[in-house]
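I'll drop the sequence and a predicted model, then ask my questions.
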Amino acid sequence: MAEIALTAMAHSYEKEPAGPEDYAIRQLDHVWEKGGAYALLGPSGCGKSTMLNIISGLLAPSEGQVLFDGKPVNHLSPRERNIAQVFQFPVVYDSMTVFDNLAFPLRNSGLPKAKIRERVNEIAEVLELEPLLHRKARNLTADEKQKVSMGRGLVREDVSAILFDEPLTVIDPQLKWKLRRKLKQIHEQFDITMIYVTHDQLEASTFADRIAVMYEGRIVQFGTPTELFENPNHTFVGFFIGSPGMNLIDVTRCPGGVQFGNTRFPLSEGVMKRLAETGSDNLRLGIRPEFIELTEPNPDSCPAIVEDVEDLGTYQILTAQLEGQGLKVRLSEDIQVERKQVVHLHFPARWLKLYVDEFLVEASP
Amino acid sequence: MRKVPDNRAWWLVLPVLLLVAFSALVPLMTVVNYSVQDIFGPGNAYYVGTEWFRDVLRDERLQASLLRQFGFSAAVLAIEIPLGIGIALMMPKGGIRASLCLILLAIPLLIPWNVVGTIWQIFARGDIGLFGWGLNQLGFNYNYTGDPVDAWLTVLLMDVWHWTPLVALLCYSGLRAIPEAFYQAAEIDRASRWAVFRYIQLPRLKNVLVIAVLLRFMDSFMIYTEPFVLTGGGPGSSTTFLSQTLTTMAVGQFDLGRAAAFSLVYFLIVLLVSWLFFTAITHMDKER
């Protein structure tokens, strides 16, 4: 087990990167603490797998350092880093049996036979692979192969960390949920540092204590699922986390706050002070669909026309037009709303987030 | 749609049947026909039954030749297959250096067989050949025209030089077809170089190795031109392999009946051994 730190780390697949857009990972500092369960969340191509391969040592970063417990490991191979990694597409050694597949990493480390048998049986039980132990791996189904592949990652006891690269992609939803629970249990039981790459926010929040959201080669926010939901640091986090994502409205400055068309949003003094410090005109106001409220008409409310109502069983999603700006509102089932109806929206000040150049502006203390 | 059985469809098979008949069946049956007759000249043949077969199987010269042949093929396989795998493993994975290696490897394969024989006949000579002269200068008493062991080793070396590249090329293509993910997984699983070879590369080379072993067995078992040019089968009969014995019998002595019987036995041996190899390799790691 180890604490994994990345310092001034950047990676480009180009030999001579010309600008920031040539970097798969732009320069960043990050620490994965010992024994944590982390998720690395982001859309395809944001650099998640690159980051994972750099941590495991399959890839050497073009700049910066990777530290395990404070010691630089840039030039150490995955073998020397003693790290386990489970790949997106299952790799099984198909001339071996399932047992031999699971025993392979242990045999390579020279463990005694009895110990190997014990560990393999333990992991096979957790992953429900026992009936398959003596089958050849080549005849397995896709999800059985994925379980074997995952088992090889979990079977080693003394690893610095276990990295998962979208390990449940080929597994059907029922089993997916079960395996995710299993991973969580294994984490609680053995207290191993685990980093789990996924593009599925639900997967990330059920598995991880803290989630790192990656976007265009950067970690834009690192926090608990609640923090990511309530206080997105970056417009991308707002948009990517939650379903539907955060409403983002382009706004301009006005005295005492920001405005959009004829609608004014007053902002707190602290935020206004910070806003005055920046010269940028790229201002966006964000609010989550969950936090917009329907009220009786009053001086603070904004009238909007309902465009569409989607009933999703336990809740409904309203699409409303406010001066030509589409807004999503999440409402409970029992409120009756019709299309074309005029509703009055209330935006609670504490859930209104101001973004300058896509990053959150927080009130200065 | 209802399927109507119509036996006229069998006519569609006729062209293939004719082609196979003329390319394989008729020549083969001609040989079978010869093998049961004693032929003195056109229109002057007598049916002799299985006499030629019994005769051929009892012939000591043929038995010795067959034994040499098996020894030669075994040596060829034992050297060329591991060596070919080894060369393929050492070759660069891509880029200009890989292309250069491929071209270098392909050169021996492009040389006509009798030219290969001639090259080695000169190359191995003790007076003007670099190889033979060099060995003699180093203090070895090397003379492939006089010493049976030297002759044997020279023929073997020539075959290794000529055909190992084929094995290497086949293995190289097999190795390149292994996805990078397997090497990554092995690296993560801390597999040693040997474990990577034994559990990842070798199992995935199986299919090309079947082809390589069969080709090299059949070719070496039927080798004719190269030793004929290099040693002419000598000294004595130490490098006289089966096909040369057969040619001497059929063309030199015009002993058609015997040669035909011998050909059939020869053919059956090649078929049997190839089948054994194929079955053995393809069943190597079936589910128990």
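Right, received. Where do you want to start?

contacts, neighbours, all on C-alpha from now
Fine.

before we move on, what SS does the spatially most central residue of chain B have?
In chain B, the centroid-proximal residue (Cα atoms, centre = their mean) is residue B:219; its distance is 2.0 Å. Local secondary structure at residue B:219 is given as helix here, using DSSP: H, G, I helix; E, B strand; the rest coil.

the longest helix along chain B: which residues count as buried?
Within chain B, and with DSSP state H defining each element, the longest helix by residue count is helix B:60-90. Buried residues in helix B:60-90, defined by neighbour count with 16 or more other Cα atoms under 10 Å in any protein chain shown: B:62, B:64-66, B:68-70, B:72-73, B:76-77, B:80-81, B:83-85, B:87-89.

and the helix or strand containing residue B:187, what does it pack against?
Assigned by DSSP states H and E, residue B:187 belongs to helix B:180-188. Using 3 or more Cα pairs under 8 Å, 6 or more residues apart in numbering or on different chains; DSSP states H and E, the elements in contact with helix B:180-188 are helix A:78-81, strand A:84-86.

with mean neighbour count, mean pLDDT and distance to chain B added, can I get those in a markdown table?
Below are the helices and strands packed on helix B:180-188 laid out as a markdown table (neighbours: other Cα atoms under 10 Å in any protein chain shown; pLDDT from 0 to 100; distance: least, Cα to the nearest Cα, whole Å):
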| stretch | mean neighbour count | mean pLDDT | distance to chain B |
| --- | --- | --- | --- |
| helix A:78-81 | 20 | 86 | 5 |
| strand A:84-86 | 28 | 90 | 6 |
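
any chance of those in a markdown table, with distance to residue B:137 too?
Formatted as a markdown table, the entries for those read as follows, by distance: least, Cα to Cα, whole Å:
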| stretch | distance to residue B:137 |
| --- | --- |
| helix A:78-81 | 50 |
| strand A:84-86 | 58 |
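
what about residue A:189, neighbour count?
For residue A:189, the number of neighbouring residues by other Cα atoms under 10 Å in any protein chain shown comes to 9.

show me how chain A divides into domains.
Recorded structural domains for chain A (assignment: automatic domain parsing) are A:4-236, A:243-361.

ok, which of those domains comes nearest residue B:132?
In terms of Cα to Cα, the element of the domains of chain A nearest to residue B:132 is domain A:4-236, at 46.3 Å.

mind checking the end-to-end distance for that closest one?
Using Cα to Cα, to the nearest Å, one end of domain A:4-236 lies 26 Å from the other.

try stretch A:12-30
With Cα to Cα as the measure, stretch A:12-30 spans 18 Å from end to end.

do the same with stretch B:116-136
Using Cα to Cα, the distance between the terminal residues of stretch B:116-136 is 22 Å.

buried residues in it?
Using 16+ other Cα under 10 Å as the test for burial, stretch B:116-136 gives B:116-126, B:129, B:131-136.

next step: those residues restricted to helices.
Among the buried residues of stretch B:116-136, the residues falling in helices (DSSP H) are B:116-123, B:131-136.

would you map the helices across chain B?
B:14-20, B:26-35, B:51-58, B:60-90, B:96-110, B:113-123, B:130-137, B:148-176, B:180-188, B:193-196, B:202-221, B:225-230, B:242-247, B:256-282.

could you do chain A as well?
In chain A, helices defined by DSSP H lie at A:48-56, A:78-81, A:98-108, A:113-126, A:142-154, A:173-190, A:201-207, A:225-230, A:235-240, A:269-277, listed in chain order.

and residue B:57, which of those is closest to it?
Comparing the helices of chain A against residue B:57 with Cα to Cα, the closest turns out to be helix A:98-108 (49.1 Å).

can you check which of the helices and strands packed on helix B:180-188 gets nearest to residue A:49?
With Cα to Cα as the measure, strand A:84-86 is the member of the helices and strands packed on helix B:180-188 nearest residue A:49 (11.1 Å).

give the pairing partners of the closest one; include direction for each.
Strand A:84-86 has these partner strands in its sheet, going by DSSP bridges: strand A:162-165 (parallel).

which residues of chain B lie near chain A?
B:181-182, B:184-185, B:187-192, B:199-200, B:203, B:285, B:287 (Cα under 8 Å from any Cα of the partner chain).

just the buried ones from those?
Going by neighbour count (16+ other Cα under 10 Å), the residues of chain B next to chain A have B:182, B:184, B:185, B:187, B:188, B:189, B:190, B:191, B:199, B:200, B:203 buried.

which pair of those residues spans the longest distance?
B:188 and B:203 (19.5 Å).

interface residues of the stretch 101-250 of chain A facing chain B?
On the criterion Cα under 8 Å from any Cα, chain B has as its neighbours in the stretch 101-250 of chain A the residues A:104, A:105, A:108, A:109, A:135, A:136, A:152.

can you tell me the closest non-neighbouring residue to the fifth one?
Taking Cα to Cα, 6 or more residues apart in numbering or on different chains as the measure, residue A:135 lies nearest to residue A:97, with 5.2 Å between them; neighbours along the chain are not counted.

got the contact list for the closest residue to residue B:274 other than its chain neighbours?
Counting by Cα to Cα, 6+ apart, residue B:214 is the residue found nearest to residue B:274 once chain neighbours are left out, at 6.1 Å. The contact partners of residue B:214, by Cα atoms under 8 Å, 6 or more residues apart in numbering or on different chains, come to B:274, B:277, B:278.

likewise residue A:90?
When the contact criterion is Cα under 8 Å, 6+ apart, the partners of residue A:90 are A:142, A:145, A:146, A:149, A:167.

could you measure from it over to residue A:323?
Note on residue A:90: its distance to residue A:323, by Cα to Cα, is 51 Å.

can you check residue A:71 too?
Between residue A:71 and residue A:323 the computed distance is 57 Å (Cα to Cα).

and residue B:118, by the same measure?
Using Cα to Cα, we find residue B:118 at a distance of 93 Å from residue A:323.

then residue A:308?
When distances are taken as Cα to Cα, residue A:308 and residue A:323 turn out to be 16 Å apart.

what about the two, which has more around it?
Neighbours around residue A:308 and residue A:323, counted as other Cα under 10 Å, are more numerous at residue A:308. The numbers are 17 against 14.

residues contacting the more buried one?
Contacts for residue A:308 were tallied using Cα under 8 Å, 6+ apart; they are A:318, A:319, A:320, A:339.

just residue B:136 next, same as before
Taking Cα under 8 Å, 6+ apart as the test, what residue B:136 contacts is B:126, B:142.

now with 6 Å?
residue B:142 (Cα atoms under 6 Å, 6 or more residues apart in numbering or on different chains).

tell me the one of the contacts of residue A:90 nearest chain B?
When the contacts of residue A:90 are compared for distance to chain B (Cα to the nearest Cα), residue A:149 comes out closest, at 9.0 Å.

count the residues that sit near that closest one.
The local packing of residue A:149 (other Cα under 10 Å) involves 25 other residues.

ok, now residue A:252?
Residue neighbour count, defined by other Cα under 10 Å, stands at 16 for residue A:252.

look up how far residue A:198 lies from it.
For residue A:252 relative to residue A:198 (Cα to Cα), the value is 36 Å.

and what of residue A:130?
Residue A:130 sits 28 Å away from residue A:198, going by Cα to Cα.

which of these two has more residues huddled nearby?
Of the pair residue A:130 and residue A:198, residue A:198 is the one with more neighbours under other Cα under 10 Å, namely 24 against 16.

mind listing the residues bridging to that one?
Beta-bridge partners recorded for residue A:198 (DSSP bridges): residue A:41.

tell me how far it lies from residue A:51.
According to Cα to Cα, residue A:198 and residue A:51 sit 12 Å apart.

and the ones in helices among the buried residues of stretch B:116-136, which is closest to residue A:313?
Relative to residue A:313, and with distances defined as Cα to Cα, the nearest of those is residue B:116, at 81.2 Å.
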